[in-house]
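# please find the sequence and the predicted model below.
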Amino acid sequence: EAGVTQFPSHSVIEKGQTVTLRCDPISGHDNLYWYRRVMGKEIKFLLHFVKESKQDESGMPNNRFLAERTGGTYSTLKVQPAELEDSGVYFCASSQTGGSNEKLFFGSGTQLSVL
Amino acid sequence: AQSVTQPDIHITVSEGASLELRCNYSYGATPYLFWYVQSPGQGLQLLLKYFSGDTLVQGIKGFEAEFKRSQSSFNLRKPSVHWSDAAEYFCAVAGRRGSTLGRLYFGRGTQLTVWP
């Protein structure tokens, strides 16, 4: 079974440019989460999709970030325009809704560097 | 507000030695508690979790953790560390949001170095 896949693994862009990160969850997982880790700090929640609907987007930093999950399959996270403080590792995770047995599977992350 | 504190940024132990990684949390109700591990180039892997019941939880790779409500702690332990345990370890807490787990609150992580 394929795990959570994220593209690209690394991205280096200049301030003001646009970047789109992609996450392919495990097939059949309704829940999809985005998290971010800024260097030296904790991993922070960005948002949560249930199928194609945004269940919780309270962690999105500002309106330069746009997340979509069309059709309830893969998700994209677009940053436009990128700023220096957006640099960090962006993680995606997916899970099946399963009560106390729910388990999150994480991708290996996208390292974003904004210069 | 919910928060997780991992007071040790970096720990170094010798192979074969015992290990304890500390985690303290602040949460409004009894949380769900987790330990994740991240090896270089890999995603976060769940080591163990506590939802309810027995406060001593067994996980994968020989790890265990103990939930102590009175101390708001969930420390991770391993009796004998292997070189392959070198990685970064994250403690996390979550609540329940409807039928799903909801957002996780992570600590800053503890980097473990293992000397041969």
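Right, received. Where do you want to start? Residues are numbered from 1 along each chain as shown, chains lettered A, B, ... in the order given.

# can you list the weak-confidence ranges in the chain?
Picking chain A for this. Flagging of chain A using pLDDT under 70 yields the residue ranges A:1, A:98-100.

# wrong chain, I was asking about chain B
For chain B, applying pLDDT under 70 flags the ranges B:96-100.

# and it, which residues reach chain A?
B:4, B:32, B:36, B:41-46, B:49, B:51-52, B:90, B:92, B:97, B:99-109 (C-beta under 8 Å from any C-beta of the partner chain). C-beta coordinates here come from the backbone N, C-alpha and C atoms, glycine included.

# just the buried ones among the residues you listed, please.
B:4, B:32, B:36, B:43-44, B:46, B:49, B:51, B:90, B:92, B:100-109 (16 or more other C-beta atoms under 10 Å in any protein chain shown).

# find the nearest non-adjacent residue to B:Gly28, please.
B:Gln2 (7.2 Å; C-beta to C-beta, 6 or more residues apart in numbering or on different chains).

# what's the spacing between that neighbour and B:Ser72?
Using C-beta to C-beta, to the nearest Å, we find B:Gln2 at a distance of 12 Å from B:Ser72.

# give me the common contacts of the two.
B:Tyr25, B:Ser26, B:Tyr27 (C-beta atoms under 8 Å, 6 or more residues apart in numbering or on different chains).

# just give me the closest of the residues you listed to chain A.
Nearest to chain A, judged by C-beta to the nearest C-beta, of those is B:Tyr25 at 12.1 Å.

# mind listing what B:Val57 touches?
Neighbouring residues of B:Val57 by C-beta under 8 Å, 6+ apart: B:Leu48, B:Lys49, B:Tyr50, B:Glu64, B:Ala65, B:Glu66, B:Phe67.

# can you list those in JSON lines and add secondary structure?
Shown next, in JSON lines, are the contacts of B:Val57 (DSSP: H, G, I helix; E, B strand; the rest coil):
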{"residue": "B:Leu48", "secondary structure": "strand"}
{"residue": "B:Lys49", "secondary structure": "strand"}
{"residue": "B:Tyr50", "secondary structure": "strand"}
{"residue": "B:Glu64", "secondary structure": "strand"}
{"residue": "B:Ala65", "secondary structure": "strand"}
{"residue": "B:Glu66", "secondary structure": "strand"}
{"residue": "B:Phe67", "secondary structure": "strand"}
